[in-house]
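> just a sequence and a predicted model for now, questions to come.
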Amino acid sequence: MVDRRLLLAGFLLAATTTACGRGKSNSAPAPLTAAAAVPNVRLVATLQPFNSPVTGEARLTPGRTAGEVQASVKISNSVVGLEHRWQIRRGDCGTAVGNDVAPSSANSPLRVNTDGTASVTATLPITLPVDGKYHLSILRSRSDDTVIACGALEVER
């Protein structure tokens, strides 16, 4: 019998990507599967600038329950005083599919400090998104959905 962890690990490696950019689509994402609730799998995204100097890193780790994910997002090189929204979406950075994976109310904004950095942690009411390609985007502000940084969520090695 095939070890389910090995099978899932192979799937995760095949499902990762590094493309970055921006894009919107009106089609709804497929629901995350129960198989996505995997212990000991951590996702990381290196946030690359997109028409901005903003860079950063995001990490997603399993939460306390199968239906929770702990998210940690850090950025630098932003404008002091801004509040950036962030989102997790299905697809590559340049070809996002559907809406945010997590409800926007669960994503606390990134408030930029006097040194141009910001960080936030949040508990998201979702399963770990490992059933396809996903990315994390940083948006210009709370009212402007322009993507200023983006990174593909990949299995941390």
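Great, that's in hand.

> extract the CA atoms of stretch 142-157 and return them as PDB.
The C-alpha trace of stretch 142-157 is given here as PDB (Å, rounded to 0.1, in the frame of the first residue of the first chain):
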ATOM      1  CA  ARG A 142      -7.400  49.100   1.800                       C
ATOM      2  CA  SER A 143      -9.300  50.700  -1.000                       C
ATOM      3  CA  ASP A 144      -7.000  50.000  -4.000                       C
ATOM      4  CA  ASP A 145      -6.800  46.400  -5.300                       C
ATOM      5  CA  THR A 146      -3.700  47.000  -7.300                       C
ATOM      6  CA  VAL A 147      -1.200  44.200  -6.700                       C
ATOM      7  CA  ILE A 148       2.200  45.700  -5.600                       C
ATOM      8  CA  ALA A 149       3.900  42.400  -4.500                       C
ATOM      9  CA  CYS A 150       3.200  38.800  -5.000                       C
ATOM     10  CA  GLY A 151       4.600  35.300  -4.400                       C
ATOM     11  CA  ALA A 152       3.700  31.700  -5.200                       C
ATOM     12  CA  LEU A 153       3.000  29.600  -2.100                       C
ATOM     13  CA  GLU A 154       5.300  26.700  -2.200                       C
ATOM     14  CA  VAL A 155       6.100  23.800   0.200                       C
ATOM     15  CA  GLU A 156       8.800  24.900   2.600                       C
ATOM     16  CA  ARG A 157      11.900  22.700   2.300                       C
END
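
> off-centre distance for it?
Stretch 142-157 sits 6 Å away from the centroid of its parent chain (C-alpha atoms, centre = their mean, to the nearest Å).

> next one: stretch 40-54
8 Å.

> how long is it from one end to the other?
Start-to-end span of stretch 40-54 (C-alpha to C-alpha, to the nearest Å) is 29 Å.

> just after the lowest-mean-pLDDT helix or strand in the chain, pick out the following helix or strand.
Here the helix or strand of the chain ranked lowest by mean pLDDT, DSSP states H and E is helix 4-14, holding a mean of 35. Where DSSP states H and E defines the elements, the next helix or strand beyond helix 4-14 is strand 43-49.
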